[in-house]
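# Sequence plus the predicted model coming up.
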Amino acid sequence: MKKQSLIALAPMAIFAFAMSAMAEETAVVERTAEVSEILNAGAEKVQAAKKSQVTVDRIADQTDGLLQEFKQVNKQIESLRVYNSQLERQIVSQKRMMVELEESIENATVIERGISPLMANMLDALEDFVGLDMPFKLERRQQAIAELYVNLDSAKFSAAEKFRQILEVYDIESDYSLSMESYTDQIDLNGDGSLVEVQILRIGRVALTYQSKDKSKVGVWDKNSKSWQPLGSEYRRAVDQAIRIAVKLAPQDVIEVPITAPETAQ
């Protein structure tokens, strides 16, 4: 009887064991599913985190770009402030110059009205001076003055240009007093209108002499008689040496030539 009971209980134990195994397997499957869900959720969170990081990085890059652009714009604004400040100072300076120019134009009109008579007087004085001076390069100098008279009445030149031309001739005349030269010219030696070709020697405005072509005759201009006066043979060598110095054929040296004594100004 006991043996039969044990045999009867064996299938029940097997069944219970099987049921237990099935329950445990089910639990394992459920836990596996839960782990899978957890892993999937974790993977989704990782992907979401990656996307979020990409978005954050993009926003950070945009922010950095905007920051750099902001700094650049600030620099440009500062440069424009400095530039505008400089322009304002220039405008103030230009307005001040415009006022000065307007005053200068008004004054120039007054000056121009007064400068024309001044230039005419300067030309008259220059013409008289050349007429009373030694007759060196006389034709050229008189021609220069004649051209100035023509230009003075011409509308082609401004008052400033006319004045400049007159001052230029004045400078040339002034330089004659400090220079030494020799050149060929034709002069009236005998006062009868007949011209003779000679070599002229000018030393400033203190001496004006001539030498004949054959060097046999020398003479000097006499201010008092306003004529050419012959010199003695003792001056031939001195005049010839002075001419050689004037044309750069001899070095500078002491020369002896007759000069007119200075006159007392009246």
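In hand now; what should we look at?
# When you work out contacts or count neighbours from here on, use the C-alpha atoms and nothing else.
Will do.
# Quickly list the domain ranges of this structure.
115-178, 179-261 (automatic domain parsing).
# Now stretch 243-258: buried residues?
Residues of stretch 243-258 classed as buried: 243-246, 257-258 (neighbour count, 16 or more other Cα atoms under 10 Å).
# Next: stretch 215-235.
Of all the residues in stretch 215-235, those buried under the rule 16+ other Cα under 10 Å are 217-223, 227-228, 230-231, 235.
# ditto for stretch 169-181
By neighbour count on 16+ other Cα under 10 Å, the buried set for stretch 169-181 is 169, 180-181.
# one step back: mind telling me the two of the buried residues of stretch 215-235 farthest from one another?
217 and 223 (19.7 Å; Cα to Cα).
# how about stretch 155-163: buried residues?
Of the residues in stretch 155-163, those buried by neighbour count under the rule 16+ other Cα under 10 Å are 159, 162-163.
# Only alpha carbons, please: show that stretch as PDB.
What follows is stretch 155-163, C-alpha atoms only, in PDB (Å, rounded to 0.1, in the frame of the first residue of the first chain):
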ATOM      1  CA  ALA A 155      43.500 139.900 -71.000                       C
ATOM      2  CA  LYS A 156      45.300 136.600 -71.600                       C
ATOM      3  CA  PHE A 157      47.300 136.900 -68.400                       C
ATOM      4  CA  SER A 158      46.000 137.300 -64.800                       C
ATOM      5  CA  ALA A 159      47.200 140.100 -62.700                       C
ATOM      6  CA  ALA A 160      49.400 137.700 -60.700                       C
ATOM      7  CA  GLU A 161      51.000 136.400 -63.900                       C
ATOM      8  CA  LYS A 162      51.700 139.900 -65.100                       C
ATOM      9  CA  PHE A 163      53.300 140.800 -61.800                       C
END
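# separation between residue 79 and residue 73?
Going from residue 79 to residue 73 by Cα to Cα, to the nearest Å gives 10 Å.
# likewise residue 49?
Residue 49 sits at a distance of 35 Å from residue 73 (criterion: Cα to Cα).
# Okay, strands next: where are they in the stretch 51-200 of the chain?
Under the criterion DSSP state E, counting those that start in this stretch, the stretch 51-200 of the chain contains strands at 180-188, 195-203.
# Next, the angle strand 195-203 makes with the first one.
Just to be clear, that refers to strand 180-188. Orientation of strand 180-188 against strand 195-203 (axes from the mean of the first three to the mean of the last three Cα atoms, to 10 degrees) gives an angle of 160 degrees.
# which residues of the chain fall in helices?
With DSSP state H as the criterion, the chain has helices at 2-132, 138-152, 159-176, 236-246.
# As JSON lines, these with mean pLDDT and distance to residue 198 would be great.
Converted to JSON lines, those look like this (pLDDT from 0 to 100; distance: least, Cα to Cα, whole Å):
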{"stretch": "helix 2-132", "mean pLDDT": "77", "distance to residue 198": "21"}
{"stretch": "helix 138-152", "mean pLDDT": "94", "distance to residue 198": "15"}
{"stretch": "helix 159-176", "mean pLDDT": "93", "distance to residue 198": "20"}
{"stretch": "helix 236-246", "mean pLDDT": "92", "distance to residue 198": "12"}
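# Looking at the ones you listed, spot the one closest to residue 195.
Per Cα to Cα, nearest to residue 195 of the helices of the chain: helix 138-152, 14.1 Å.
# No further queries at this time; thank you.
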